[in-house]
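K.L.:
Fold the following.
(one chain, ligands or ions: 2)
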Amino acid sequence: RELNVDLGERSYPIYIGEGLINEAASYFQKHGIGKKSPLLIITDSNVAPRHLPQLEESLRNGGYRAVSAVVPAGESSKSLAMLGDLVGEALDAGLDRKSVIVALGGGVVGDLAGFVAASYMRGIKFVQIPTTILAHDSSVGGKVAVNHPKAKNIIGAFHQPEFVLYDLGTLQTLPPRDVSSGLAEVVKHGLIRDAAFVDWCEQNADKLRALDADSLGYALYKGCGVKASVVSQDEKELGLRAILNLGHTIGHALEAVAGYNELQHGEAISIGMVGAARLGVRCGAPQDVYTTTKRVLAKCGLPVSLPKHYDVDAIMAAMMHDKKFSEGTMVFIVPTAIGSVEIRSDVSVEWVREIVEELKLEA
Ligand code: NAD
Ligand code: ZN
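P.N.:
Ligands and ions are numbered 1, 2, ... in the order given. Below you'll find the model as predicted:
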C-alpha cells in the first residue's frame, strides 16, 4: 500500500508492505538519494540485533555507504546529550549536506534521528523506517524532538522525512505490550475521524494483536491516513491538529505521575481516551461514545481504568502544569460521537477531576 502525506512542497509518501527493508536501496534511488555521500542509520539496542543487518545489507548491495549508530533503547535516549553524541558520529562518518539520516526504530528513534537531521548542518534529509505500530503516528507530521529533564519533546523542530518505509515484517518481533500500546494511537485515529474504522478495529483486534500482516497493513494505512489528512490541514499545529491530542491531556499527566517506565504511552492515552469519552458523555454525547471507546480499547489489550494506587491530586497537578487553564476551565478534546471530536476551551477543571476519580473507581 502507498499513501501520500500532502504538504505542498514537503509532501512525501508512506510505503507499507512486507519485506520492504530488503528493497530499501531501490526506494532510496527512486527518491533521488545519491550514493556519493554516506548515510547514517540511527537505531536502538533492541532493534539493531533484529533488523539492522538486513537494512545494512540491502543498502550495501544497492551501492550505498552506510554507517550505523546504536543508541540504548528507551525514552532516555531522546536527550540533548545523545544529540551531541550523534552529531559526533555524523562528523566522524563524514556526513555532508547531501547525506541522509535513516531512522530505523520506534518513535524514540524517529524523534531523535529526525531532530539530528533537522539540526545537523542546519538540516539534512531523513528517511523513516518505523519498526513499531506506535511509530505510524510519529512518522506522519514531521514533529521531531528530544526531551529536557523538565519537559518532554520541548527541544524540537518540524522536519518532514523524504519518505517512510513501513516494513510489516519488522513488527513481527514487537513485544505484546508494545503491540497494544501502538494500537491505542491507531484506535485514536478512528475515534477522531472514522467510526467505520473503529468498528473494524474492534472486529479485528485479535488479528492485530496476533500481528496478522494484512490486518496490520490496513490498520497502519488507515491510521496514517487520518493523521496525514489532519496534518495536511494544519501542518504547524495552529488549530485543528490539536484534535490528535485526544486522550493526551489525561494521558500525559498519567505518564508524568507514573514515570515513563511504568506506563507506556499508548497505555496512558488509552486510559485518557476513556476519560475523554466520559467527559464527552457529560457534555452531551450519546452513552455509546463511552461504552464503545472502552470496549474497543480493552479488546486491543489496553488498560481502560486507573490503577488504584494513583494519586488524583498529583495527576491534576501534572495536568495543570502541562496545560494552560484560566478561571477553572481548560482546553480539552472531547468526543461528540464515535468518529468525531471537538476542541472545547470551556471544560471545567472540577469535571475533569471527577472524571479522573471515576476512572479510578472503575479499576
Ligand atoms: P520506542 O521507540 O521506545 O519503542 C518501544 C520499544 O520497542 C523500545 O524498547 C524499542 O527498543 C522496542 N522496539 C522497537 N521496534 C521493535 C521491534 N520491531 N521489535 C522489538 N522491539 C522493538 O517507542 P514507541 O512506542 O515506538 O514511540 C514512543 C515515542 O514516540 C515517544 O518518545 C513519543 O514522544 C514519540 N511520539 C512522537 C510523535 C510525533 O509526532 N513525533 C507522536 C507519537 C509519539
Ligand atoms: Zn500519542
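K.L.:
Strands along the stretch 51-200 of the chain, start to end?
P.N.:
Along the stretch 51-200 of the chain, counting by DSSP state E, counting those that start in this stretch, strands occupy 66-71, 100-105, 125-130, 143-148, 151-158, 164-167.
K.L.:
Buried by neighbour count: which residues of the shortest one qualify?
P.N.:
Applying a neighbour-count criterion of 16 or more other CB atoms under 10 Å, the buried positions in strand 164-167 are 164, 165, 166, 167. All C-beta atoms are positioned from the backbone trio N, CA, C, and that covers glycine.
K.L.:
ok now that strand, how far from the chain's centre?
P.N.:
14 Å (CA atoms, centre = their mean, to the nearest Å).
K.L.:
Dump the C-alpha coordinates for it into CSV.
P.N.:
Once side chains and other backbone atoms are set aside, the C-alpha atoms of strand 164-167 remain, and they are given as CSV (Å, rounded to 0.1, in the frame of the first residue of the first chain):
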residue,chain,number,x,y,z
VAL,A,164,8.5,6.5,5.1
LEU,A,165,9.2,2.8,4.6
TYR,A,166,7.0,0.7,6.8
ASP,A,167,8.1,-2.9,6.6
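K.L.:
Can you give the contact residues for it?
P.N.:
When contacts are defined by CB atoms under 8 Å, 6 or more residues apart in numbering, strand 164-167 is touched by residues 12-21, 24, 27, 127-131, 136, 139-140, 220.
K.L.:
in the chain, which spans are helices?
P.N.:
Across the chain, reading from the start of the chain, the helices by DSSP state H fall at 24-30, 47-61, 80-92, 107-119, 135-138, 176-193, 195-209, 213-233, 248-258, 265-282, 288-299, 312-322, 349-361.
K.L.:
tell me what the first one is packed against?
P.N.:
It stands for helix 24-30. helix 47-61 (3 or more CB pairs under 8 Å, 6 or more residues apart in numbering; DSSP states H and E).
K.L.:
tell me which residues in the helix it packs on are buried?
P.N.:
Within helix 47-61, the residues that count as buried by 16+ other CB under 10 Å are 47, 48, 51, 52, 54, 55, 56, 58, 59.
K.L.:
Can you convert the residues you listed into a markdown table and add a column each for distance to ligand 1 and pLDDT?
P.N.:
Rendered in a markdown table, the data for the buried residues of helix 47-61 read as follows (distance: CB to the nearest ligand atom, whole Å; pLDDT from 0 to 100):
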| residue | distance to ligand 1 | pLDDT |
| --- | --- | --- |
| 47 | 5 | 98 |
| 48 | 9 | 98 |
| 51 | 6 | 97 |
| 52 | 11 | 98 |
| 54 | 11 | 97 |
| 55 | 12 | 97 |
| 56 | 16 | 97 |
| 58 | 16 | 96 |
| 59 | 18 | 97 |
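K.L.:
returning to that earlier point: so how do I select the buried members of the contacts of strand 164-167 in PyMOL?
P.N.:
In PyMOL, the members of the contacts of strand 164-167 classed as buried (16+ other CB under 10 Å) are selected with the following command:
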select buried, resi 12+13+14+15+16+18+20+21+24+27+127+128+129+130+131+136+139+140+220
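K.L.:
when you check ligand 1, which of the contacts of strand 164-167 turn up near it?
P.N.:
The overlap between these and the neighbours of ligand 1 (CB under 6 Å from any ligand atom) comes to residue 131.
K.L.:
Can you give me every residue that contacts the residue of the stretch 251-363 of the chain found nearest ligand 1?
P.N.:
Among residues of the stretch 251-363 of the chain, the one nearest ligand 1 by CB to the nearest ligand atom turns out to be residue 265. It sits 5.2 Å away. For residue 265, the contacting residues are 107, 134, 181, 184, 251, 255, taking CB under 8 Å, 6+ apart as the criterion.
K.L.:
What parts of this protein come near ligand 1?
P.N.:
By CB under 6 Å from any ligand atom, the residues of the chain that approach ligand 1 are 44, 46-47, 50, 73-75, 78, 105-109, 111, 131-132, 134-135, 137-138, 141, 143, 153, 170-171, 173-174, 178, 181, 265.
K.L.:
sorry, back to before: tell me, which of the helices of the chain is the model least confident about?
P.N.:
Comparing mean pLDDT across the helices of the chain, the weakest is helix 312-322, with a mean of 87.
K.L.:
CA-only coordinates of that one in CSV, if you can.
P.N.:
Included here for helix 312-322 are C-alpha records, laid out as CSV according to Å, rounded to 0.1, in the frame of the first residue of the first chain:
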residue,chain,number,x,y,z
VAL,A,312,-5.7,12.1,41.9
ASP,A,313,-4.2,15.3,43.3
ALA,A,314,-0.8,14.5,41.7
ILE,A,315,-2.5,13.8,38.4
MET,A,316,-4.4,17.0,38.5
ALA,A,317,-1.3,19.0,39.4
ALA,A,318,0.6,17.4,36.5
MET,A,319,-2.3,18.4,34.2
MET,A,320,-2.4,21.9,35.4
HIS,A,321,1.4,22.1,34.9
ASP,A,322,1.0,20.9,31.4
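K.L.:
May I see the buried residues of that helix?
P.N.:
Of the residues in helix 312-322, those buried (16+ other CB under 10 Å) are 315, 316, 318, 319, 322.
K.L.:
Having no further points to raise, I will conclude here.
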